[in-house]
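>>> sequence plus predicted model, see below.
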Amino acid sequence: MKFRTRLVLTLSAATAVTVASAFGTASYVVERSEERQLDEALRAEAHLEAGEIAGQHGSLHVNNRGGPAADDIGRLKKFAVIYDSEGRVVDITSTFASGAPPFGTVSHPSGSAFDFWYGTDHLRGVFVAIPENQHHTLLLAAPRSDLEKDNEFLRQVMLVAALLSIGFTVLVTWRVVRRLTRGHEAIADAARRVAAGDLGARIALKGGDDEVVQLARDVDEMVRRLAILVEGQQRFVAHAAHELRSPLTSLYGELQLALRRSRTADEYKAAIEEALDSAKRLKALAEDLLALARIGADRDAPQTPVALDEVAKSAAAWVAQEAARRNIDLAIEADGSSVLGHANDLERLLRNLLDNAVRHSPDGGHVRVEAHSEGETVHVTVVDDGPGVPIEDRERVFDPFFRAASERRREGGSGLGLAIVREIARGHGGDVSVEDGPGGRGARFRATLPAAPSA
Ligand SMILES: Nc1ncnc2c1ncn2[C@@H]1O[C@H](COP(=O)(O)OP(=O)(O)OP(=O)(O)O)[C@@H](O)[C@H]1O
Ligand SMILES: [Mg+2]
């Protein structure tokens, strides 16, 4: 059931119960008070009549004057009987048309009023003793119909009033609840659209309660970020597919060409070597993609303190041969600081940075790795004296598959190196950025990582 409907039903039920009990109490009090008035009038009239009967000589008679006087309709119809001590009827008013009720069925203590039926008439009566006469009693009764008509009218008025007030409550609550839940409905609607795949859905609530407006804003912001994330992933998958296709296409082409006619053993060897090159590129790309996926998934794996000088040394070993070939000076300066994390990932981070630095440095250039801690943070920098990274590319170089125009012609390399670096740095609770090298020349890549707590 909708929240709105439930709230309206609850409030209406509460109103109905309150109104019914208030009106019920009021009508009970009014009915009792009217009945008491009737009883008093009956008793007064009965005593008057009994007094008159006591004054009679010979046989006793009831008079045919009307019954007790009611406020607005004059005297009520009177029903009176004189019974003797045996319960026999001595005299009776003509209103008891089919005889007096048997004494046994109506007998009550003197002075206490009671109800009884006479044919279809519902009567209220009272017995009184006749003064100075122990042998006779007088029953005086009057119809309850006027009293009941009044009560019935009162009940009808109250019923109408109760229905009106419940109707009014339903109307007012419905309107108020509608206003209150408008924001929630807009949020639910947007959530449904997002769930159905529409990441452009926004709530954009204009007015309403502060909490709901804030909630709507937060949800909008969440969807906006989700859209960016999904778009990024779609772009990534498209890039990945594209990057995988080029080496696959050349591998396929080379193998097809080799098989087109029969060749000498040397020609086959050359063709296989070319195919192997393409396969190597494919393998490297697949490994990078896997690394990128794994780093994201491995965030919760247990971490250990990793000494950065060790990591820097083993990363440098990967590029040492190429550096030596091109006469590049490779220096490491680490102050023994360590980071809480995964040694393999941190080594890969430095390896990717060093690979780029060596590649971009001129022959005979300098590449320098530094690691030092500053308070809670460890700064790891890799500096080269190559061309540096243009300001406009300094954010984009960390995007997957981004390669500067000058790099695109290069065989090998997919543009995943720095994306992996950033993923590792962030996975360790840090980040990475690039700036100018010393003296405005070259590039300085800086990873900031939280220091491992000292033992
Ligand atoms: N030290 C550097 N000096 C100048 N430009 C750099 C440097 N390091 C990276 N870049 C630029 O950033 C781009 C992205 O680098 P990244 O390491 O992600 O990819 P890559 O080196 O081209 O390929 P891969 O690392 O996958 O072999 C490079 O193509 C290059 O244009
Ligand atoms: Mg690289």
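Yep, that arrived. Numbers count the residues shown, from 1 in each chain. Ligands and ions are numbered 1, 2, ... in the order given.
>>> could you use CA atoms for every contact and neighbour count after this?
Fine.
>>> neighbours of Ser27, just the number please.
The local packing of Ser27 (other CA atoms under 10 Å) involves 17 other residues.
>>> pull out the buried residues from stretch 358-367.
358-363, 365-367 (16 or more other CA atoms under 10 Å).
>>> that stretch close to ligand 1?
Yes: interface with ligand 1: stretch 358-367 contributes His360 (CA under 6 Å from any ligand atom).
>>> gap between the two ends of that stretch?
Counting by CA to CA, to the nearest Å, you get 7 Å between the two ends of stretch 358-367.
>>> about what we covered before: dump the buried residues of stretch 358-367 into TSV; add pLDDT and secondary structure as well.
Shown next, in TSV, are those (pLDDT from 0 to 100; DSSP: H, G, I helix; E, B strand; the rest coil):
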residue	pLDDT	secondary structure
Val358	96	helix
Arg359	94	helix
His360	94	helix
Ser361	95	coil
Pro362	95	coil
Asp363	95	coil
Gly365	94	coil
His366	95	strand
Val367	96	strand
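>>> looking at those residues, spot the one nearest ligand 1.
Within the buried residues of stretch 358-367, the smallest distance to ligand 1 is 5.2 Å, found for His360 (CA to the nearest ligand atom).
>>> so what's that closest one up against?
384-387 (CA atoms under 8 Å, 6 or more residues apart in numbering).
>>> most surrounded residue in the residues you listed?
Asp384 (31 neighbours).
>>> so what pairs up with that one in the strands?
Val367 (DSSP bridges).
>>> so it sits against Asn356, correct?
No: the pair Asp384 and Asn356 fails to qualify as a contact (CA atoms under 8 Å) at a distance of 9.1 Å.
>>> can I see the domain layout of the protein?
3-151, 199-297, 301-450 (automatic domain parsing).
>>> could you dump the buried residues of stretch 358-367 into JSON lines and include distance to Pro101?
Output for the buried residues of stretch 358-367, formatted as JSON lines (distance: CA to CA, whole Å):
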{"residue": "Val358", "distance to Pro101": "127"}
{"residue": "Arg359", "distance to Pro101": "126"}
{"residue": "His360", "distance to Pro101": "126"}
{"residue": "Ser361", "distance to Pro101": "129"}
{"residue": "Pro362", "distance to Pro101": "133"}
{"residue": "Asp363", "distance to Pro101": "135"}
{"residue": "Gly365", "distance to Pro101": "133"}
{"residue": "His366", "distance to Pro101": "131"}
{"residue": "Val367", "distance to Pro101": "127"}
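>>> in the stretch 301-450 of the chain, where is pLDDT below threshold?
411-412 (pLDDT under 70).
>>> with adjacent residues omitted, what lies nearest to the closest residue to ligand 2 within it?
Going by CA to the ion, ligand 2 is nearest to Gly417 of the stretch 301-450 of the chain, at 4.2 Å. Once flanking residues are discounted, Gly417 sits nearest to Asn352: 5.6 Å by CA to CA, 6 or more residues apart in numbering.
>>> what residues are up against the one you found?
Here Asn352 is in contact with 417-418, 421 (criterion: CA under 8 Å, 6+ apart).
>>> next, it: secondary structure please.
helix (DSSP: H, G, I helix; E, B strand; the rest coil).
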